[in-house]
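Chemist: Here's a sequence, model it:
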Amino acid sequence: LYIAEQTTHRIRRIDSSGIITGYVGTGKYGFSGDGGLAAKAKIKGPFRMDFDKEGNLYFSDRDNNRIRKVDVNGVVTTIAGHGNIGWLQDGLEVRITVHNFP
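Modeler: All right, here's what the predicted structure looks like:
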């Protein structure tokens, strides 16, 4: 079970024995960590999340206006958005598009 904690800026994991561990985020809001371990990244207001069939986690870094991915090795990357608020435009590459609180 994974829980997005918007107010503590973390995503936590609860394993089958009930042990809670930090999975994404340090607990301090901000934006950092792309290319590094997700547990050491700064996120702000994580919201929705889902896994693909390979086990990668995708989540809304809502207050940073980005969609981010944590791969099976625990490395976080931004896959959409650049942090600014605005309107989507057709024809732009997904990493440079604008997302309003995804």
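Chemist: Contacts only, for the closest residue in space to residue 10 that isn't next to it in sequence.
Modeler: Computed as C-beta to C-beta, 6 or more residues apart in numbering, the closest residue to residue 10 that is not its neighbour in sequence is residue 25, at 3.9 Å. The C-beta positions use only the backbone N, C-alpha and C, and glycine is treated the same way. For residue 25, the contact set (C-beta atoms under 8 Å, 6 or more residues apart in numbering) comprises 8-11, 38-39, 41-43, 46.
Chemist: got it, and residue 11?
Modeler: Contacts of residue 11 by C-beta under 8 Å, 6+ apart are 2-5, 22-25, 43, 46, 49, 57, 59.
Chemist: Return the set of residues that bridge with it.
Modeler: Counting by DSSP bridges, residue 11 forms beta bridges with residue 4, residue 24.
Chemist: before we move on, back to that, considering the contacts of residue 25, which possesses the most neighbours?
Modeler: residue 43 (31 neighbours; other C-beta atoms under 10 Å).
Chemist: pLDDT value on that one, please?
Modeler: Listed pLDDT for residue 43 reads 97.
Chemist: Quick check: phi and psi on residue 57?
Modeler: Dihedral pair for residue 57: phi -100, psi 130, per degrees, to the nearest 10.
Chemist: contacting residues for the residue lying closest to it once chain neighbours are set aside?
Modeler: Excluding the flanking residues, the one nearest residue 57 by C-beta to C-beta, 6+ apart is residue 70, at 4.3 Å. Neighbouring residues of residue 70 by C-beta under 8 Å, 6+ apart: 23-24, 38, 56-57, 59, 76.
Chemist: same thing but 10 Å
Modeler: 11, 23-24, 33, 37-39, 41, 49, 51, 55-59, 76-77 (C-beta atoms under 10 Å, 6 or more residues apart in numbering).
Chemist: Roughly how far does it sit from residue 54?
Modeler: Distance, residue 70 to residue 54, by C-beta to C-beta, to the nearest Å: 12 Å.
Chemist: which residues in the protein form strands?
Modeler: For the chain, applying DSSP state E gives strands covering 2-5, 10-14, 20-24, 46-51, 57-61, 66-70, 76-80.
Chemist: Thank you, goodbye.
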